[in-house]
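Colleague: sequence first, then the predicted structure:
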Amino acid sequence: MHTGNNDAEPRYAVIFTAATRDLDDEYSETAARMRELAFSKYRCAGFNASLESGLEIAVSYWHDLDDIRAWHDDAEHRAAQALGKTRWYRWFRVEVVDVRRRYGEDLSR
């Protein structure tokens, strides 16, 4: 496993943290659609999410800031954001960070 940064690895991460309200089927469908859109149209390089005890944390990985801005401004994503603000989240925070270091090991051997 490669442990350092190179041009092929994402340079940026977007960390979305939110306290959730009651999540319904439309939330699940919207989340799946947003993930698909981020990968297919905006070159999202990776995505991980966790939901536990009313706290959602999602981290997406990106190669450049222009893709992040375009994703943020996408009309369908904006509509999903509006639903999140009115129906699914008590509060949320978004952090865009520069990935300075990456390391790990494959321990499955």
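Modeller: Alright, I've got the coordinates. Residues are numbered from 1 along each chain as shown.
Colleague: who's in contact with the spatially most central residue of the chain?
Modeller: Central residue of the chain (Cα atoms, centre = their mean): S60, 3.4 Å from the mean position. Applying Cβ atoms under 8 Å, 6 or more residues apart in numbering to S60 gives the contacts A13, V14, F16, A38, C44, G46, F47. For glycine as for every other residue, the C-beta is placed from the backbone atoms N, C-alpha and C.
Colleague: do you know how far it is from D22?
Modeller: Shown here: S60 relative to D22, a distance of 24 Å by Cβ to Cβ, to the nearest Å.
Colleague: related to what we said a few turns ago, among the contacts of S60, which ones are in helices?
Modeller: Counting by DSSP state H, the contacts of S60 place A38 in helices.
Colleague: just give me the closest of the contacts of S60 to G104.
Modeller: Nearest to G104 out of those is G46 (Cβ to Cβ; 13.0 Å).
Colleague: does the closest one touch Y61 like I think?
Modeller: Yes: assessed by Cβ atoms under 8 Å, G46 is found in contact with Y61 at 3.9 Å.
Colleague: identify the contacts common to these two.
Modeller: P10.
Colleague: before we move on, the earlier item: secondary structure class of the residue nearest to the centre of the chain, three-state.
Modeller: At S60 the chain is in strand, as set by DSSP: H, G, I helix; E, B strand; the rest coil.
Colleague: where in this structure is pLDDT low?
Modeller: Residue ranges of the chain with pLDDT under 70: 1-7.
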